[in-house]
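J.: Have a look at this fold, sequence not included:
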């Protein structure tokens, strides 16, 4: 597979997953603002922007949050921006991805202008999640399990681990009590799975454990880190230059085992730094993957003097 | 049909001065169009418009677009197909194929021993002054002798209904992807007609192209790696490049994906370098290799030309083909066909004045207001001046240009391109069209894609059909391909096979309603039990 195409596929995976999770996260956030009577809305808004690593003032109003995270087409942190970028990447990799997936991404982008300034953001978020589900469903049904699939899956699992870590950080938002664990579980579509697995009412530790390290649920952090490691092994196959890919696996594995072998209580007490750690691991792995499989811009430039 | 009271989309349709392909001057429908006419006649005007809108929407959803002034637009496809009778195609197809063979022979000659010059068919000056003649590739023998792997020969039909060649394209002719996607969209829109009319299929194009590229691989390569080289996602024909790569099942590469080492070309993949044997390039000569041509080009790969010279990679179409398809060389084509093939040209040229010749120039300058003047080297309808439509100033400007650079211009009489009914804001109206059939040369035979790209000028009376000038396209149906479906019974052998086949039942969850008797019984009991109450 061409490096350039692999990079596009990797980013389609990341972008679509990011759009999906951003929609979930914003949905919860708006819900919390509605339900929490003592909420300090401007600080809560500011702190959700810091969770997403967007520069901001101390006090932020709701429209700003929606603009920056939902509607700004030019930002790689907003839903509209990531879905547009996913489509552009798909256009570049058009001959590799299936027609169905391409059309799903293309019509998604075409549908975006309909939602700007929507009166009911909730409907927009539901639509985004549906579109993401359509893209994943179609790509899972129409893609050979070769490198094309692996790179998209790799991007998707890295992004999902990263975004769930960010979502859990909202538990400790400034200016509000934050969403409760039941809401967080629901946001990850995990509430029913939790009830079936744990067979008990939602307690903080059990819920956190479920979202952090459950081995079977596809929206737990450890599950996705593990998945990314497995895919890296599959991509690498029996090839010679394993160093960089190995280091990417190392970063992911360390983050995963840290979650798996630490007492849940410790992680909960130290939630924000721990979640930062997960995000850093994902970003390190992403950089190493880029260096290993997608050429850095420097080697592409052609220097006439060299001839 | 003239007595019809009810209004149909055809009401008010009347051919203009040009040859109308659907209707003759007395208002009779020409035979190939009978079925299309009847089908549209049954619809209301709104019906037709809503189908046309549906068509545009599918194109937007599929991303069938072209870049116009930096904006991505759906490629305009008209709802009324253009129909070409089987008998007409029997002239066009061999005519195009003959033309391609002559072009191929001419290129081999130009970059070889130049017999055509020594025999006095073509002046040496003409070749030497061509901006597309590259000494760098002189003496390069392509692997299977093919330089024109893909060509597009532009045809028009004049006011007497005669097909003429307007232009040859043997560099990187584009538009074939629109033929393929137009067909897909139209067959969904008019399934009834497709069943009944016996339209020749176009889908095999990609397979043919791939096969011919594979045949052109350097000697000794059994299973060649083929790539399509595109300038990138912002090129106006990017859609086409990706469609061809996808339907051929090969990689679509950009210049930066390629590297050359020791005269061999490689592409950069996630699994390291991979050798490339055949490059179907959609990048112009000038940009192909910064070492050999424009050093500022970021679209090609340095060293490609050397690799091609060494015979380690095949570049299709070959570099330097442009010498054969400029509009001045075009005027020599009939002579070249006679010279190389010993045949009379099947498709005539449009009469053309070579402005280099003093007599011709004088005559043209006298009649500038009734002629069409074109740049020798132009594409996309740029720089074309149509005498009867031009202002005094424009004509004066053209006169200056001709006097300054007579090698750069040709003049032709105004050809009234034939018209085909086209859906406009005012209903169906005749609009001018041309036709670009595509030909693939695999070294043994030249295959002409049945149909080709019909471009239509959407403005009334407009004679320039290029999509960059606001033109649209039509699906082109060539009749007489397959036997008419439904008219005859299936051949006996297929029936025998069918009767010998037994079917395997489809399983279902035994407790579901659809699963059969047991479930039915339960249901009956339930309804029986509930009814008496």
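T.: Thanks, I have the structure now. Values in this document were obtained by computation on a predicted structure and should not be read as measured data.

J.: Every contact and neighbour count from this point should use C-alpha atoms.
T.: Noted.

J.: any weak-confidence spans in the chain?
T.: I'll assume chain A. Applying pLDDT under 70 to chain A flags the ranges A:117-119, A:174-176, A:238-244, A:295-307.

J.: that answer is for a different chain, and I need it for chain B
T.: Where chain B drops to pLDDT under 70, the residues are B:1-6, B:66-71, B:378-381, B:467-470, B:481-501, B:513-533.

J.: The one helix or strand residue A:284 maps to and chain B, any residue contact?
T.: Using DSSP states H and E, residue A:284 sits within helix A:271-293. Yes. Using Cα under 8 Å from any Cα of the partner chain, helix A:271-293 comes into contact with chain B via residue A:293.

J.: Show me what that helix packs onto, helices and strands only.
T.: If contacts are counted by 3 or more Cα pairs under 8 Å, 6 or more residues apart in numbering or on different chains; DSSP states H and E, helix A:271-293 sits against helix A:3-35, helix A:147-169, helix A:243-261.

J.: which element is the residue in the stretch 51-200 of chain A that chain B sits nearest to on?
T.: Nearest to chain B, among the residues of the stretch 51-200 of chain A, is residue A:95, at 4.4 Å (Cα to the nearest Cα). Per DSSP H and E, residue A:95 falls between elements, in no helix or strand.

J.: Who are the contact partners of it?
T.: By Cα atoms under 8 Å, 6 or more residues apart in numbering or on different chains, residue A:95 lies in contact with B:242, B:243, B:245, B:246, B:251, B:252.

J.: same for chain A: which of those are within range?
T.: B:242, B:243, B:245, B:246, B:251, B:252.

J.: What residues does the residue of the stretch 101-250 of chain B found nearest chain A make contact with?
T.: Residue of the stretch 101-250 of chain B nearest chain A, by Cα to the nearest Cα: residue B:246 (4.4 Å). Residues in contact with residue B:246, defined by Cα under 8 Å, 6+ apart, are A:94, A:95, A:96.

J.: Any buried residues in the longest helix along chain B, and which?
T.: The helix spanning the most residues in chain B, taking DSSP state H as the definition, is helix B:86-110. By neighbour count on 16 or more other Cα atoms under 10 Å in any protein chain shown, the buried set for helix B:86-110 is B:86, B:89, B:92-110.

J.: same thing with stretch B:447-466?
T.: Buried residues in stretch B:447-466, counting neighbours by 16+ other Cα under 10 Å, are found at B:447-458, B:463-466.

J.: can you check stretch B:361-375 too?
T.: B:361, B:364, B:365, B:368, B:369, B:370, B:371, B:372, B:373, B:374, B:375.

J.: Count the residues that sit near residue B:120.
T.: When counting by other Cα atoms under 10 Å in any protein chain shown, one arrives at 9 neighbours for residue B:120.

J.: what's the spacing between it and residue B:332?
T.: Distance of residue B:120 to residue B:332, given as Cα to Cα, to the nearest Å: 12 Å.

J.: pretty sure residue B:376 contacts residue B:325?
T.: No. Applying Cα atoms under 8 Å, one finds residue B:376 not in contact with residue B:325, separated by 9.3 Å.

J.: As a markdown table, the contacts of residue B:246 with distance to residue A:29 would be great.
T.: Listed next are the contacts of residue B:246 as a markdown table, based on distance: Cα to Cα, whole Å:
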| residue | distance to residue A:29 |
| --- | --- |
| A:94 | 36 |
| A:95 | 39 |
| A:96 | 37 |
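
J.: Show me where the stretch 101-250 of chain A has its helices.
T.: Counting by DSSP state H, counting those that start in this stretch, the segments of the stretch 101-250 of chain A that form helices are A:121-142, A:147-169, A:181-187, A:191-198, A:204-213, A:221-236, A:243-261.

J.: Can you say which of those is packed in most?
T.: Scoring those by mean neighbour count under mean count of other Cα atoms under 10 Å in any protein chain shown gives helix A:147-169 as the most buried, with a mean of 24.

J.: Turn the ones next to chain A among the contacts of residue A:95 into a markdown table, columns for secondary structure.
T.: Shown next, in a markdown table, are the ones next to chain A among the contacts of residue A:95 (DSSP: H, G, I helix; E, B strand; the rest coil):
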| residue | secondary structure |
| --- | --- |
| B:242 | helix |
| B:243 | helix |
| B:245 | helix |
| B:246 | helix |
| B:251 | strand |
| B:252 | strand |
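
J.: of all these, which two lie farthest apart?
T.: Greatest spatial distance among these (Cα to Cα): B:243 and B:251, at 10.9 Å.

J.: count of residues packed around the residue of the stretch 151-300 of chain A found nearest chain B?
T.: As assessed by Cα to the nearest Cα, chain B sits closest to residue A:293 within the stretch 151-300 of chain A, at 5.0 Å. Using other Cα under 10 Å, residue A:293 has 24 neighbouring residues.
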